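Undergrad: Sequence first, then the predicted structure, then my questions.
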Amino acid sequence: MEGTQAPTSAPVMTLDMISQEIEICRTEGVSQAPTTNKENVSVPVQVPVTKECPSLPLQRIERQSGFVGKALLFQFFSVKHVLKSDVHGGEILSNYKKSNKFTHPKWARNKIAELVVKAAVKQLKRLDKECFKILATKIVEEFPTEDLRIYYFPPITGNKKLKQKAVGPRGKAPNVYRNLIAKLSLLKKGRVAPAVEKEAPPVVSLQGEEQREWLNVNSEPWDLVCTNFAALRDVRFAKAAASNEDVTRIINQWPIFTAEKGYKLILDDFAALPDVPETQLTHAKWDQFVNELNSIRPIKSRDRVKMHWIELIEHQDTNDDSKVALQIHLLAHNLPPQKKISRRWKPSIPDCQDSMLILTETEESIDLTD
């Protein structure tokens with residue numbers, strides 16, 4: 001109909017408009033919600049509903065309204081984006097994506113909490129228990145196998161009648177925030193010198209004793225560790241061959257062995273050993289070993305079980321291979337393993353024998369595919 005205007009949609013306010021209205025309300029002492037005209041008609045605010053906004057992940061929000069700040073934190077904050085912006089955070093995401101677990105749980109959780117809390121502080125300046133809960137929830141959304149209580153545990157209200165003290169929020173997120181605030185406070189008072197990031201030392205070629213000293217204090221980068229360790233291999237082999245030191249002392253001389261990948265260096269050393277002629281175990285050498293063992297641990301005639309095995313071994317119809325098998329079976333009697341039963345240590349010979357050899361009656365029952 002003529003003269004009838006079509007209904008118009010309510011105007012949409014931006015963040016800048018919200019900030020201006022809040023400032024006007026503060027100066028005029030008005031406690032009501034911000035409006036867009038003199039008739040005091042409330043205007044709905046369009047809040048984005050997207051879970052993540054890559055274009056505004058670390059946008060700095062002036063803390064003029066606690067509600068608006070937390071709402072925007074919940075809407076725009078992306079744990080994934082924060083971690084990707086850091087080298088260690090990207091490594092954590094990559095490793096978790098492969099196996100749905102952390103390679104180094106303690107270090108990974110501390111690093112996640114540190115990066116996430118610092119990014120949130122850049123936005124809101126101050127965090128409270130609601131912010132900690134939001135951050136912990138977002139971390140668990142990104143890492144589903146994690147427990148929310150690791151990053152945030154709600155506070156406990158005190159009770160004077162029950163003499164129960166109040167406990168503040170706990171978890172990795174509140175702990176990181178408290179440490180950060182305490183450090184900033186000390187910096188303002190001048191009690192702590194600001195931390196200066198040290199540049200990574202340039203990689204230079206080392207020789208001789210310098211390589212040894214470098215390996216004593218460094219465990220990464222791993223490529224450089226392997227290079228320096230391999231360069232000292234001849235010196236290491238010569239020293240080990242000339243001395244009568246035991247393996248434990250040799251390993252203790254190289255702290256790099258205690259690193260996470262230190263065992264690989266030992267494997268590399270064994271792989272680089274010169275070809276050692278193989279010693280073939282013959283029946284004569286085996287008999288010599290058994291005779292020396294019997295001289296140390298002589299078989300008592302009152303042990304009927306042992307005597308039975310000896311009779312089978314010495315029987316003329318028993319071939320050499322069967323003798324070896326029976327002698328191995330007899331080792332459990334000569335050197336019996338111990339097992340604690342009713343607070344006393346007793347021999348567990350049958351268990352040992354069952355684990356040493358698998359006895360079969362027919363050749364068809366032996367699986368030759370393994």
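TA: Right, received. Where do you want to start?

Undergrad: From now on I want contacts and neighbour counts done on CA atoms only, so please keep to that.
TA: Noted.

Undergrad: In the stretch 51-200 of the chain, mark out all the strands, start to finish.
TA: Counting by DSSP state E, counting those that start in this stretch, the stretch 51-200 of the chain has no strands to list.

Undergrad: Low-confidence regions, it specifically.
TA: Confidence mapping of the stretch 51-200 of the chain against pLDDT under 70 gives the ranges 51-74, 190-200.

Undergrad: switch the cut-off to 90
TA: Scanning the stretch 51-200 of the chain for pLDDT under 90 picks out the ranges 51-108, 117-137, 147-150, 152-200.

Undergrad: if I read this right, residue 306 contacts residue 333, doesn't it?
TA: Yes. If you go by C-alpha atoms under 8 Å, residue 306 and residue 333 touch, sitting 7.0 Å apart.

Undergrad: between these two, who's got more neighbours?
TA: Taking neighbours as other C-alpha atoms under 10 Å, residue 306 and residue 333 compare with residue 333 leading, 21 against 17.

Undergrad: which of the residues in the longest helix along the chain are buried?
TA: Longest helix of the chain, by residue count under DSSP state H: helix 105-124. Across helix 105-124, burial judged by 16 or more other C-alpha atoms under 10 Å covers 108-109, 111-120, 123-124.

Undergrad: for stretch 82-101, same thing?
TA: Buried residues in stretch 82-101 (16+ other C-alpha under 10 Å): 82-83, 89-90, 92-93, 96, 101.

Undergrad: Next: stretch 305-321.
TA: Buried positions in stretch 305-321, judged by neighbour count with 16+ other C-alpha under 10 Å: 306, 309-310, 313.

Undergrad: Present those residues as a markdown table; the columns should include pLDDT and secondary structure.
TA: Below are the buried residues of stretch 305-321 laid out as a markdown table (pLDDT from 0 to 100; DSSP: H, G, I helix; E, B strand; the rest coil):
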| residue | pLDDT | secondary structure |
| --- | --- | --- |
| 306 | 73 | helix |
| 309 | 75 | helix |
| 310 | 78 | helix |
| 313 | 80 | helix |
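
Undergrad: Kindly reformat the buried residues of helix 105-124 as TSV containing distance to residue 231.
TA: Listed next are those as TSV, based on distance: C-alpha to C-alpha, whole Å:
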residue	distance to residue 231
108	33
109	37
111	35
112	38
113	40
114	39
115	39
116	42
117	44
118	43
119	44
120	47
123	50
124	53
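
Undergrad: Identify, from the residues you listed, the entry nearest to residue 235.
TA: Ranked by distance to residue 235 (C-alpha to C-alpha), the buried residues of helix 105-124 are led by residue 108 at 38.1 Å.

Undergrad: residue contacts, the closest one?
TA: Contacts for residue 108 (C-alpha atoms under 8 Å, 6 or more residues apart in numbering) come out as 92, 102.

Undergrad: how close does it sit to residue 183?
TA: For residue 108, the distance to residue 183 equals 22 Å [C-alpha to C-alpha, to the nearest Å].

Undergrad: same deal with residue 286?
TA: From residue 286 over to residue 183 (counting by C-alpha to C-alpha), the distance is 70 Å.

Undergrad: re the thing from before, out of the buried residues of helix 105-124, who's nearest residue 225?
TA: residue 108 (23.5 Å).

Undergrad: Residue 112 contacts residue 89, doesn't it?
TA: Yes. Judged on C-alpha under 8 Å, residue 112 makes contact with residue 89 at a distance of 6.9 Å.

Undergrad: Determine the residues that are contacts of both of those two.
TA: Both residue 112 and residue 89 are contacted by residue 83, under the criterion C-alpha under 8 Å, 6+ apart.

Undergrad: ok so, going back, would you reformat the buried residues of stretch 82-101 as CSV and include distance to residue 273?
TA: Below are these laid out as CSV (distance: C-alpha to C-alpha, whole Å):
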residue, distance to residue 273
82, 47
83, 44
89, 40
90, 39
92, 37
93, 39
96, 37
101, 37
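
Undergrad: can you give me the helices for the stretch 201-350 of the chain?
TA: Assigned by DSSP state H, counting those that start in this stretch, the stretch 201-350 of the chain shows helices spanning 209-217, 222-231, 233-242, 247-252, 262-271, 283-296, 304-314, 320-334, 349-356.

Undergrad: Could I get these in a markdown table, plus columns for distance to residue 140?
TA: Output for the helices of the stretch 201-350 of the chain, formatted as a markdown table (distance: least, C-alpha to C-alpha, whole Å):
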| stretch | distance to residue 140 |
| --- | --- |
| helix 209-217 | 36 |
| helix 222-231 | 32 |
| helix 233-242 | 47 |
| helix 247-252 | 41 |
| helix 262-271 | 33 |
| helix 283-296 | 61 |
| helix 304-314 | 63 |
| helix 320-334 | 54 |
| helix 349-356 | 46 |
